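> Okay, predicted coordinates and the sequence, questions at the end:
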Amino acid sequence: MNGDPCTSTPGCTGTIEDGYCNVCGLPPAEGAAASTPTARRPAPAPATASAAFGTGFVEGAPRAPGSARAEEAATARSGRTSSARLDTAALGSARTAQTGSKVTRRVGTTSTRLRGPRLGAGLTTVPSRPAADPLAALMTEAVLPERKRYCSHCGTAVGRGRDGRPGRTEGFCPNCRTPFSFTPQLKQGDLVGGQYEVVGCLAYGGLGWIYLARDRNVSGRWVVLKGLLNSGDPDAYAAAVTERRFLAEVEHPLIVEIYNFVLYEGAGYIVMEYVGGPSVKQILKERLDANGGAADPLPVDQALAFVLEVMPAFAYLHENGLLYCDFKPDNMIQVGDQVKLIDLGGVRLVDDEDSAIYGTVGYQAPEVPEVGPSIASDVYTIGRTLASLVLDFRGNQTTYVASLPPVSETPLFQRYDSFYRLVAKACALDPQDRFATVDEMRSQLLGVLREVVATDRGPGHPALHSTESALFEAPVADVVDRVPPWDALPALRQDDSDPAKAWLAGVNVADPIVRLRALGLAPTLTVEVRLARARAAIEAQRWDEVSRATGEILTEDPWEWRAVWMSGLAQLARGDAVGARASFNTVYGQVPGELAPKLALAAACEASGEPEVAESLYVICARADANYTAPAAFGLARVRQLRSDLDGALDALDIVTPTRSSYVDARRRRAELLAGSGRGLPSLSAALASVDSIAIDQRTRLELTTQVLTSALELVRRDGPAEGATLGGVEANEAAIRDGLEASYRALAASTRERDQRLRLVDRANEVRRWTLT
């Protein structure tokens with residue numbers, strides 16, 4: 001019982017507490033245990049089928065003698081291994097009680113360091129924007145500038161001043177006689193809906209004035225009232241009602257929340273959440289003002305971060321059968337490190353053919369006036385918004401209203417080629433050529449962001465992390481001294497939604513000809529079946545079959561870029577590098593955030609006489625993803641060596657990390673380049689040092705050593721010895737080098753099986769040995 005001395009461990013000084021020793025942790029010895037009251041053990045239950053399910057014993061069956069004690073001992077041992085029983089240092093409330101400190105609350109926290117920024121997807125950072133004081137956001141004078149006053153019916157300029165006199169804020173259009181009014185309908189102190197007390201005007205927009213108010217019924221919280229610009233405009237009024245209806249149905253954390261819709265003096269007002277931060281348009285204006293009135297667009301990574309953050313809101317709307325229609329920098333508001341989509345006045349149902357269409361010139365897709373908005377037109381507005389955030393986009397609404405500035409005249413597009421491809425696809429003139437969904441675009445935008453961040457890091461910063469692609473496997477081989485063959489390039493990932501996926505899993509024949517015959521028995525000719533046929537045909541060098549399979553795919557779906565990818569592999573396999581270049585370039589344009597097409601295009605360019613393009617693509621691959629660093633590094637080394645840029649080639653080889661299986665190849669290649677560089681003894685010494693710490697076969701090491709020492713011998717005979725210099729442990733003087741060279745040749749001869757070659761090596765050893773008396 002409690003307080004009894006421990007009898008379980010000889011020499012233990014503990015006592016029993018609650019059935020266990022307070023020192024050794026074991027229960028009392030069997031004799032002592034009898035004195036401790038124990039609960040009655042229930043009778044064993046009948047045997048069940050538990051053992052059949054792998055539990056290892058039959059539930060309720062009698063256990064082996066002593067098993068209960070063994071389990072109790074195991075429990076006690078596990079108790080001794082728990083760190084919870086160890087002493088702790090005083091901290092927090094325990095420390096204040098111990099020291100008598102008067103500090104009664106925490107004054108610091110690490111939470112801000114532990115919480116990563118939301119904007120930028122962990123790849124980049126965007127300066128945070130604290131929530132603004134609502135009162136500071138009020139307009140000092142609620143007047144719509146004359147340059148923004150137009151008739152809502154015919155678009156004629158109205159309310160303009162003459163001869164130094166200000167224009168009217170109310171009146172009739174001189175062209176169509178439609179009445180106009182640009183005067184705010186609410187003033188400070190008005191109580192709208194018996195609940196919302198107006199404080200003032202925040203801004204004005206395409207559909208009406210925006211007011212700040214307090215909600216008297218909910219703790220005086222700040223709300224926004226949005227009214228009509230012209231209550232006599234039926235389209236504007238319908239749009240306001242539409243915004244209320246759709247916002248009331250929308251529930252998404254990235255979309256401003258609607259609270260209510262109220263009438264006041266015959267006009268309708270939407271009551272919505274107050275989002276206390278600047279719009280991205282305002283951020284651009286701040287940058288312009290800080291830059292002395294000269295445009296200062298956002299850095300590309302920040303622009304991508306803003307749009308990336310808000311794209312799930314678009315996906316949500318599209319999934320619910322809604323179109324946004326009027327996206328632009330004005331409609332993104334940043335609060336802290338979050339962005340919200342606001343102003344859904346232009347939102348409409350996908351199948352709506354009657355309501356007015358709202359959009360902004362320079363952002364609206366060119367087909368909308370004729371065929372109406374669509375998911376594709378929303379994608380277009382996202383692309384145009386991206387372009388406007390990063391370019392001093394003069395001509396956005398005139399010269400380039402439906403196009404992008406030429407790449408040749410836009411340095412930013414030249415620096416960030418993938419970004420240009422992303423925007424170009426999103427803003428394609430034909431809606432069918434754009435991204436099919438916002439999620440598809442978002443996936444590619446994320447890849448482009450990785451590349452942009454890698455480009456901005458600059459040289460000397462290879463990728464440390466890899467990201468799994470949903471479309472391609474990782475590269476399978478690192479080719480050192482030649483252009484990668486077609487089968488060393490990343491393979492396509494199989495589409496999990498393909499109906500023949502399960503059937504294809506059973507076709508695992510190694511022989512490509514046999515596999516082709518097996519694939520010919522497919523129950524249905526899906527895209528994946530045809531892609532599998534094309535790949536097997538490439539392996540079998542049956543080029544007609546490749547063309548047939550890819551042609552069938554493109555006949556059914558002219559936008560299926562995977563067929564073009566297969567054509568490019570076939571062209572590379574049969575030596576048509578120019579054709580492969582065109583195919584891979586097309587795929588690159590379709591999936592601009594993927595690295596596999598860039599690696600393939602780089603290889604095709606290297607093989608077809610476009611070394612500059614190849615180098616730029618290899619650089620992107622090497623910096624953006626660790627899986628691509630090594631194959632791209634070897635490509636860079638080849639291209640740079642071709643133009644006699646030895647230092648550039650060495651830098652490329654140096655980015656192959658020791659964790660990569662091809663690290664040995666990179667170090668050996670580095671040594672070979674240095675050995676043949678003709679740069680003197682330091683480079684020869686560096687050549688041997690390059691392979692000093694790696695595991696290479698002895699013959700390769702000896703061959704490199706003989707090459708280095710042969711070159712060194714010529715140098716010291718011409719220029720004399722280099723005091724203090726060594727080459728792989730050999731002093732840089734003629735006698736030592738001859739001894740080392742002789743030893744290397746003899747070691748090579750000893751490892752050579754072919755007699756004539758062995759004798760030649762022995763003869764060479766005798767030729768280089770120094771003269772001695774023996």
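On my side now, so go ahead.
> isn't A290 right up against L284?
No - A290 is beyond contact range of L284, at 10.8 Å (criterion: Cβ atoms under 8 Å). All C-beta atoms are positioned from the backbone trio N, CA, C, and that covers glycine.
> what is in contact with the two at once?
Jointly contacting A290 and L284 under the rule Cβ atoms under 8 Å, 6 or more residues apart in numbering are D296.
> Of those two, which one has the most company?
Neighbours per residue, other Cβ atoms under 10 Å: of A290 and L284, the larger number sits with L284, 19 against 10.
> Please identify the buried residues of the helix or strand where that one lies?
Assigned by DSSP states H and E, L284 belongs to helix 280-290. By 16 or more other Cβ atoms under 10 Å, the buried positions in helix 280-290 come out as V280, K281, Q282, I283, L284.
> contacting residues around that helix?
278, 294-298, 306, 328-330, 332-334, 339, 389.
> And for stretch 532-545?
Against stretch 532-545 from outside (Cβ under 8 Å, 6+ apart): 486-487, 491, 504, 507, 512-513, 515-516, 519-520, 546, 549-550, 563, 566, 569-570, 573-574.
> Please pick the buried ones from the residues you listed.
486, 504, 507, 512, 515-516, 519, 546, 549-550, 563, 566, 569-570, 573.
> Out of those residues, the closest to G167 would be?
A563 (60.3 Å; Cβ to Cβ).
> Run a quick check on the closest one versus S547, I expect a contact.
No - taking contacts as Cβ under 8 Å, A563 lies outside contact range of S547: 10.2 Å.
> tell me the SS of S547?
At S547 the chain is in helix, as set by DSSP: H, G, I helix; E, B strand; the rest coil.
> cool, the one 3 residues further on as well?
The three-state assignment at T550 reads helix, by three-state DSSP.
> which residues touch it?
R530, A534, A563, V564, M566, S567, A570.
> Ok, F172 next?
T178, P179, F180.
> and the gap between the first one and R769?
With the distance defined as Cβ to Cβ, to the nearest Å, T178 ends up 107 Å from R769.
> again, but for the second one
P179 sits 110 Å away from R769 when distances are taken as Cβ to Cβ.
> Kindly report the same for the last one.
In this structure, F180 lies at 105 Å from R769, with Cβ to Cβ as the measure.
> So which of these two has more stuff around it?
F180 (23 against 15).
> Please, which helix or strand holds the more buried one?
Using DSSP H and E, F180 falls in strand 179-181.
> Pull out the buried residues from stretch 762-774.
Judged by neighbour count (16+ other Cβ under 10 Å), stretch 762-774 contains these buried residues: V762, R764, A765, V768.
> nope, stretch 130-147 is what I meant
So, applying 16+ other Cβ under 10 Å, buried residues of stretch 130-147: P134, A137, L138, A142, L144, E146.
> How about stretch 435-444?
F435, T437, V438, M441, R442, S443, Q444.
> Check stretch 737-752 too.
Across stretch 737-752, burial judged by 16+ other Cβ under 10 Å covers 737-749, 752.
> With pLDDT, secondary structure and distance to V656 added, can I get those residues in CSV?
Putting the buried residues of stretch 737-752 into CSV (pLDDT from 0 to 100; DSSP: H, G, I helix; E, B strand; the rest coil; distance: Cβ to Cβ, whole Å) gives the following:
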residue, pLDDT, secondary structure, distance to V656
I737, 88, helix, 31
R738, 91, helix, 35
D739, 89, helix, 34
G740, 89, helix, 29
L741, 90, helix, 30
E742, 88, helix, 34
A743, 91, helix, 31
S744, 90, helix, 27
Y745, 90, helix, 31
R746, 92, helix, 33
A747, 92, helix, 29
L748, 92, helix, 28
A749, 93, helix, 33
T752, 90, coil, 31
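> And for R699, nearest residue in space, chain neighbours not counted?
For R699, ignoring the flanking residues on the chain, the nearest one in space by Cβ to Cβ, 6 or more residues apart in numbering is S751 at 5.5 Å.
> check contacts around that neighbour.
Each residue near S751 by Cβ under 8 Å, 6+ apart is listed here: Q698, R699, L702.
> Quick check: it vs E672, distance?
Distance from S751 to E672, by Cβ to Cβ: 20 Å.
> got it, and A203?
For A203, the distance to E672 - Cβ to Cβ - is 67 Å.
> Who are the contact partners of the nearest residue to A157 once chain neighbours are set aside?
Sequence neighbours aside, Y150 is the residue nearest to A157 in space, at 5.9 Å (criterion: Cβ to Cβ, 6+ apart). Contact analysis of Y150 by Cβ under 8 Å, 6+ apart lists T156, A157, V158.
> Can you flag the buried ones in the residues you listed?
Applying 16+ other Cβ under 10 Å to the contacts of Y150 flags V158 as buried.
> Dump the contacts of Y150 to CSV, plus secondary structure, pLDDT and distance to P462.
As requested, the contacts of Y150 are exported to CSV (DSSP: H, G, I helix; E, B strand; the rest coil; pLDDT from 0 to 100; distance: Cβ to Cβ, whole Å):
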residue, secondary structure, pLDDT, distance to P462
T156, coil, 92, 60
A157, strand, 93, 58
V158, coil, 93, 61
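> export the contacts of Y150 to TSV and tack on distance to E409?
Formatted as TSV, the contacts of Y150 follow (distance: Cβ to Cβ, whole Å):
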residue	distance to E409
T156	35
A157	33
V158	38
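> For the helix holding L284, give the mean pLDDT please.
The average pLDDT within helix 280-290 is 95.
> Off-centre distance for that helix?
Distance of helix 280-290 from its chain centroid, counting by Cα atoms, centre = their mean, to the nearest Å, is 27 Å.
> following it, which helix or strand comes up?
Later in the chain than helix 280-290, the nearest helix or strand by DSSP H and E is helix 300-319.
> Outside of the next helix or strand after that next one itself, list whatever touches it.
Later in the chain than helix 300-319, the nearest helix or strand by DSSP H and E is strand 322-323. Contacts to strand 322-323, defined as Cβ under 8 Å, 6+ apart, come from residues F246, V250, L317, V347, R348, L349, V350, P373, S374, I375, S377, D378.
> Other residues contacting the helix or strand that strand 322-323 is followed by?
Using DSSP H and E, the next helix or strand after strand 322-323 towards the C-terminus is strand 332-335. Here strand 332-335 makes contact (Cβ under 8 Å, 6+ apart) with 119, 126, 129, 131, 256, 275-280, 283, 306, 310, 339-342.
> Noted, bye for now.
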